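>>> with the sequence up front, the predicted model follows.
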Amino acid sequence: MTTPFDLNDLRFAGEALYRPECVLATARGSVYASDWNGGVTWLKPGGGQERILAKDPPIDFKPNGFCLLENGDFLVANLSDDGGIWRLRRDGGLTPYLLEADGEQLPASNFVLLDNWGRIWITVSTRREPRSLGYKPDVDDGFIILVDGKGARIVADGIGFTNEVVLSEDGRRLYVNETFVRRTSSFAVAEDGALSDKQVVATYGAGTFPDGLTFDADGALWATSIISNRLIRIGPDGGQHILLEDADPAHLEWVEQAYKDQTMDRPHMDRIASKALRSVSSLCFGGPDLKTIWLGCLLGDRVACLPSPVAGRPPAHWLFPW
């Protein structure tokens, strides 16, 4: 499937959302988006929306990536300097889920994945403070944590700004976007969850900074790029196709020069020049046939969607009753 999408294909949902960086969808028709007001916004199947916000959070709570649990709770990566992974109940209760691993306190945390085996995978993009010091091609201090029946432990380190992760259908390889070294890599997953045999799956050129990551039903990876608002499909053979882009060439050149000079900072992330999208950060497949693509957006106040000619692979939470 190589036919590009058109910006006119986009539709939008939600109102007055605040940094809907991560999106999830369920078979019930729910769509959830992270909310920097301190929780998750629920776009309901029958229409309307509801904010599920932490009540009296004991920390500076800045939700980034999150996963949905079967009981309706969320595990949320906190992107503030307080860091850590937090459990958010639907009534607004907020409790710590994981604040350290292998004796190391979790800094600003990026993403949380629930897999089909009930395990939790967590990514931390960088140990550098502020995180903008990691917007460089030499960044190599991101890591991945696994939480299972044996507890929490760091299973991969030295990653180039760790972003979203996803498992192969058989669970034998874990794929990860390394945003500011501009590549997608994979690891072999042992029975005990240990990661090894790192391989580069795809490398990206000018204007692409991979963030979101998921699989379609045909076994192809889909990745989003912040700043350039690209949607990229990576086939099993490694071939790449940019299916959507919304960017101004002059703006991308400005960002590229800063990236090459290693002076990239928050203004290059926050001053987006585009027509419709505002720094696409994540994606998921939804809809009754898993043929609707939902797009999270760092700087937007809505989430975008568009029809897909190929279905997505159902995530672990797909049949949860929420």
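Good, I have the coordinates.

>>> quick check: which ranges of the chain have low pLDDT?
1-3 (pLDDT under 70).

>>> longest single helix anywhere in it?
helix 249-261 (DSSP state H).

>>> so which elements touch that helix?
helix 266-270 (3 or more CB pairs under 8 Å, 6 or more residues apart in numbering; DSSP states H and E). The way it works is simple: take the backbone N, C-alpha and C, and place the C-beta from them, glycine included.

>>> which parts of the helix it packs on are buried?
Neighbour-count burial for helix 266-270 flags His268, Met269 (criterion: 16 or more other CB atoms under 10 Å).

>>> contacts for the helix or strand following it, please.
Moving toward the C-terminus from helix 266-270, the next helix or strand (DSSP states H and E) is strand 280-286. Outside strand 280-286, the residues that touch it by CB atoms under 8 Å, 6 or more residues apart in numbering are 21-26, 29, 31, 65, 164, 211-212, 214, 216, 222, 224-226, 229-231, 246, 291-298, 304-305, 308, 311-315.

>>> only C-alpha atoms, please: export strand 280-286 in CSV.
Taking C-alpha atoms only, strand 280-286 is exported to CSV below (Å, rounded to 0.1, in the frame of the first residue of the first chain):
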residue,chain,number,x,y,z
VAL,A,280,2.1,14.5,14.9
SER,A,281,3.5,12.4,17.7
SER,A,282,1.6,9.1,17.9
LEU,A,283,-0.8,6.9,16.0
CYS,A,284,-3.2,4.0,16.5
PHE,A,285,-5.7,2.1,14.4
GLY,A,286,-9.3,2.2,15.5
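
>>> and it, how far from the chain's centre?
8 Å (CA atoms, centre = their mean, to the nearest Å).

>>> use 31 as the first number from now on
Fine by me, first position is 31 from now on; the one you just mentioned is strand 310-316.

>>> so what strands line up beside it?
Sheet pairing here is set by DSSP bridges, and for strand 310-316 it gives strand 322-327 (antiparallel).

>>> what does the partner strand rub up against?
Applying CB under 8 Å, 6+ apart, the set of residues contacting strand 322-327 is 50-53, 55, 61, 63-64, 242, 252, 254, 261, 307-316, 333-338, 342.

>>> could you do stretch 285-295 as well?
Applying CB under 8 Å, 6+ apart, the set of residues contacting stretch 285-295 is Ser162, Tyr165, Lys166, Pro167, Asp168, Phe210, Ala236, Gly237, Ile257, His298.

>>> can you check stretch 268-284 too?
Looking at what lies outside stretch 268-284 - CB under 8 Å, 6+ apart - the contacts are 31-35, 37, 231-232, 234, 236-237, 257-265, 298, 301-307, 310, 336.
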